[in-house]
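>>> A predicted structure for the sequence below; I have some questions about it.
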Amino acid sequence: MKKPLLIAAADPERLETWVKYKPSLCRDCRGTCCSLPAEVRIGDLIRMGLADEFEREEPAKQIARRLLKEGVVEHFNHKHEVFTLARRTNGDCIYLDQRTRLCTIYQQRPDTCRNHPQIGPRPGYCAWQPKPPAAR
């Protein structure tokens, strides 16, 4: 029987604790990447169903105002027209299921999430933390 590989849990705030990414890590991870700020653009918002194709031509700050009011976005960078998705008080993305620790909009998830960890604070590494026992 193959012994399980023991990996120390990472501290998302300390990049040097992040582990080299392998797809198999996701199976037993608590979804730590889903507690990092997720930056999205208008194309992501359209895919996620938060904006429609007609809004692509509207000023982004108008869309931001609406989404901030709805609580879906927590920040908008006017200069780069980048939205930051809202998070719960514990830091989790609002689209992360609290029980299963899986994304509730996986098929529509933003490019930032689709491309993690190739992009992000430490490309090629992830802030792996073990899933809680009840969620496995």
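Good, I have the coordinates.
>>> Please report the distance of the residue sitting nearest the centre point of the chain from Val82.
Compute the mean C-alpha point of the chain, and by C-alpha atoms, centre = their mean the closest residue is Cys34, 3.9 Å away. To Val82, Cys34 is 18 Å away according to C-beta to C-beta, to the nearest Å. Yep, even glycine has a C-beta here, placed from its N, CA and C like the rest.
>>> Same question for Arg109.
In terms of C-beta to C-beta, Arg109 sits 16 Å off from Val82.
>>> swap in Glu16?
Distance from Glu16 to Val82, by C-beta to C-beta: 27 Å.
>>> Any chance of the backbone angles for Gln62?
phi -70, psi -40 (degrees, to the nearest 10).
>>> And the helices in the chain?
In the chain, the segments counted as helices under DSSP state H are 42-47, 60-70, 111-114.
>>> Need those in CSV (columns: distance to Pro121 and mean neighbour count).
Formatted as CSV, those follow (distance: least, C-beta to C-beta, whole Å; neighbours: other C-beta atoms under 10 Å):
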stretch, distance to Pro121, mean neighbour count
helix 42-47, 19, 18
helix 60-70, 24, 15
helix 111-114, 12, 17
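>>> can you list the domains in this structure?
The record's domain parsing of the chain by automatic domain parsing lists 1-36+95-136, 38-86.
>>> Having no further points to raise, I will conclude here.
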